[in-house]
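Enquirer: Sequence first, then the predicted structure:
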Amino acid sequence: MATDNTDKAAKDAARAAAKKRLTEALAQREADHADVETAFWTKVRDEIDSGALRQVDAVDALGFTREYIRKQLKNLPE
């Protein structure tokens, strides 16, 4: 009987640890995604600011609406 309780406790602990690892992985994924988005939109902004292309050219190249691009650029950190 004690073995059953020990096995259950060990399985519960392993399950809890696995859930914690998944939660941490999700948090890392979200942080990485935000970093990638910021890097991408920074490159878009830099191309527009350099004069190499206009916002309308970015619309053609990326397939996003002009308003969406403007909104993403406005939300970039300075």
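Expert: Happy to help now that I have it. Residues are numbered from 1 along each chain as shown.
Enquirer: Any idea how many residues pack against Ala10?
Expert: 10 (other Cβ atoms under 10 Å). All C-beta atoms are positioned from the backbone trio N, CA, C, and that covers glycine.
Enquirer: I'd like the distance between it and Asp46.
Expert: Distance from Ala10 to Asp46, counting by Cβ to Cβ, to the nearest Å: 54 Å.
Enquirer: what do you get for Ala27?
Expert: 29 Å.
Enquirer: do Ala34 as well
Expert: Taken as Cβ to Cβ, the span from Ala34 to Asp46 is 18 Å.
Enquirer: Next SSE downstream of the helix or strand that contains Asp32?
Expert: In the assignment (DSSP states H and E), Asp32 maps to helix 2-49. As assigned by DSSP H and E, the chain's next helix or strand after helix 2-49 is helix 55-62.
Enquirer: Report the rounded mean pLDDT for that following helix.
Expert: Confidence for helix 55-62, expressed as mean pLDDT, is 96.
Enquirer: Local confidence estimate at the residue minimising distance to the centre of the chain?
Expert: For the chain, the residue nearest the mean C-alpha position is His33 (1.7 Å; Cα atoms, centre = their mean). pLDDT for His33: 95.
Enquirer: distance of it from Ala27?
Expert: In this view, His33 and Ala27 are 11 Å apart by Cβ to Cβ.
Enquirer: Next up, the contacts around the closest residue to Val44 other than its chain neighbours.
Expert: Leaving aside its chain neighbours, Val44 sits nearest to Ala58 (5.8 Å; criterion: Cβ to Cβ, 6 or more residues apart in numbering). When the contact criterion is Cβ atoms under 8 Å, 6 or more residues apart in numbering, the partners of Ala58 are 44, 47-48, 64, 69.
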